[in-house]
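Colleague: Sequence and computational prediction follow.
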Amino acid sequence: MYASPDFERIMKTVNNEEPDRVPLCEVLVEYPIQSQFLGREVTDADLESQVEFWVKAGYDFIPLTAGMMKPGKVTQDSAISQVIREDVLADAVAADDDTAWNLEYTSFINDRRAFEEFPWETAGQVDISEFHAVKDMLPDGMKVIVVSGKIFTLSWMLMGFENFAVSLLTDEQFLTDVMDKITEIQMDILGQVLQLPHVGAVWAVDDLACSSGTIIAPQALRDHVFPRYKEMAAKCHKEGRPFFLHSDGNLLPIMEDLIELGLDALHPIDPTAMDIAQVKQMYGERLCLIGNVSTELLRSGTPSEVASVVKELLCVAAPGGGYCLGSGNSVPEWAQFENYQAMLDTAWEYGTYPINAV
């Protein structure tokens with residue numbers, strides 16, 4: 001085990017203070033990587049082993065999803081995909097016809113009638129039993145971070161992106177109604193888990209940008225997306241929890257908007273689209289930064305290359321607090337385990353304050 005969990009590390013870092021060491025932070029580490037770390041299989045159903053992994057790997061929290069879509073599992077193993085397969089399609093398609101229910105291939109709310117007939121009540125029945133089950137598994141100092149959100153992504157996936165984009169121009173009320181319903185469900189789920197004392201923070205996962213800029217116009221995000229996340233941030237802050245956001249891509253055109261809506265920490269400062277040194281210089285006093293270790297480096301680099309990048313990140317982003325070390329997206333199953341291990345080892349060796357990673 002690298003270090004005993006202490007969620008105060010996260011809280012101090014978010015508040016731009018220096019704790020004892022730079023916290024490690026990931027929204028997702030795929031189970032094959034967790035399995036290699038522990039030397040035995042870890043599965044979605046094995047919550048005790050998941051907790052053991054996050055503790056022994058040096059994290060101060062375990063991320064658990066409380067929403068309609070899971071990070072890394074956009075169309076599979078999520079509440080909304082179950083609803084589509086079991087309630088929308090029922091017996092209309094073959095069980096093995098992935099394209100029929102998969103949101104990457106098919107949209108389901110194409111018009112007002114489909115919106116009215118969609119089983120929203122069923123879609124809102126998200127199982128949060130693991131949030132209760134995990135309480136007695138957590139060691140002292142460790143908390144849960146709630147992974148929530150995908151308000152924007154889930155809206156355009158359910159509508160189909162073309163239909164979503166056209167509705168922005170021709171029928172904003174239809175688009176608003178869909179987004180309102182999704183927001184209502186996500187906020188209701190969030191309200192339930194925020195009542196649990198072992199929940200330490202909320203992390204919304206919703207890609208708003210690609211490498212060239214935002215997916216839809218910044219003004220459209222201001223009109224339709226940011227007010228919903230501002231409401232979510234306010235709910236978190238009212239309950240004394242910080243609010244994090246994950247989005248890939250180049251977020252520079254909307255950084256002021258993200259800060260304005262009440263964001264406390266931003267992940268992953270996508271290394272393919274943003275320069276973390278620039279972001280730290282421009283926004284580091286107002287926003288905690290998380291991540292930036294390239295997933296491509298974790299896949300195809302060497303342990304020594306990973307160690308070099310981690311040391312540079314510690315020097316650039318960690319002094320003064322406001323930085324948590326992690327990947328530039330998540331730790332996928334196709335990452336080389338030795339590279340992931342090198343990221344942890346280097347953070348452990350050089351991540352103690354005051355930073356001296358040269």
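Modeller: Yep, it's here. Only a predicted model underlies this, so the values are computations on that prediction, with no experimental measurement involved. Numbers count the residues shown, from 1 in each chain.
Colleague: Tabulate the CA atom coordinates of stretch 157-177 in PDB.
Modeller: Output of stretch 157-177 as PDB, limited to C-alpha atoms (Å, rounded to 0.1, in the frame of the first residue of the first chain):
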ATOM      1  CA  MET A 157     -27.400  10.200 -27.600                       C
ATOM      2  CA  LEU A 158     -31.100   9.600 -26.800                       C
ATOM      3  CA  MET A 159     -32.100  12.200 -29.500                       C
ATOM      4  CA  GLY A 160     -29.400  11.400 -32.000                       C
ATOM      5  CA  PHE A 161     -26.900  14.100 -32.600                       C
ATOM      6  CA  GLU A 162     -28.300  15.300 -35.900                       C
ATOM      7  CA  ASN A 163     -31.800  15.600 -34.300                       C
ATOM      8  CA  PHE A 164     -30.300  17.300 -31.300                       C
ATOM      9  CA  ALA A 165     -28.400  19.800 -33.500                       C
ATOM     10  CA  VAL A 166     -31.500  20.500 -35.600                       C
ATOM     11  CA  SER A 167     -33.600  21.000 -32.500                       C
ATOM     12  CA  LEU A 168     -31.200  23.700 -31.300                       C
ATOM     13  CA  LEU A 169     -32.200  25.700 -34.300                       C
ATOM     14  CA  THR A 170     -35.800  24.700 -35.000                       C
ATOM     15  CA  ASP A 171     -37.400  23.400 -31.800                       C
ATOM     16  CA  GLU A 172     -35.500  24.400 -28.600                       C
ATOM     17  CA  GLN A 173     -38.500  23.600 -26.500                       C
ATOM     18  CA  PHE A 174     -38.400  19.900 -27.500                       C
ATOM     19  CA  LEU A 175     -34.600  19.800 -26.700                       C
ATOM     20  CA  THR A 176     -35.200  21.600 -23.400                       C
ATOM     21  CA  ASP A 177     -37.900  19.200 -22.400                       C
END
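Colleague: Please point out which parts of that stretch sit buried.
Modeller: 157-160, 163-165, 167-168, 174-175, 177 (16 or more other CB atoms under 10 Å). Glycine gets a C-beta too; all of them are placed from N, C-alpha and C.
Colleague: Pick the one among those closest to Leu344.
Modeller: Lowest distance from Leu344 to the buried residues of stretch 157-177 (CB to CB) belongs to Met157, with 33.6 Å.
Colleague: I'd like to know how many residues surround the residue nearest to the closest one when sequence neighbours are not counted.
Modeller: Nearest residue to Met157 in three dimensions, chain neighbours excluded: Leu103, at 4.1 Å (CB to CB, 6 or more residues apart in numbering). The number of residues packed near Leu103 is 21, by other CB atoms under 10 Å.
Colleague: which of the buried residues of stretch 157-177 lies closest to Cys25?
Modeller: Met157 (26.4 Å).
Colleague: Do I have it right that that closest one meets Ile109?
Modeller: No - if you go by CB atoms under 8 Å, Met157 and Ile109 don't touch, sitting 9.6 Å apart.
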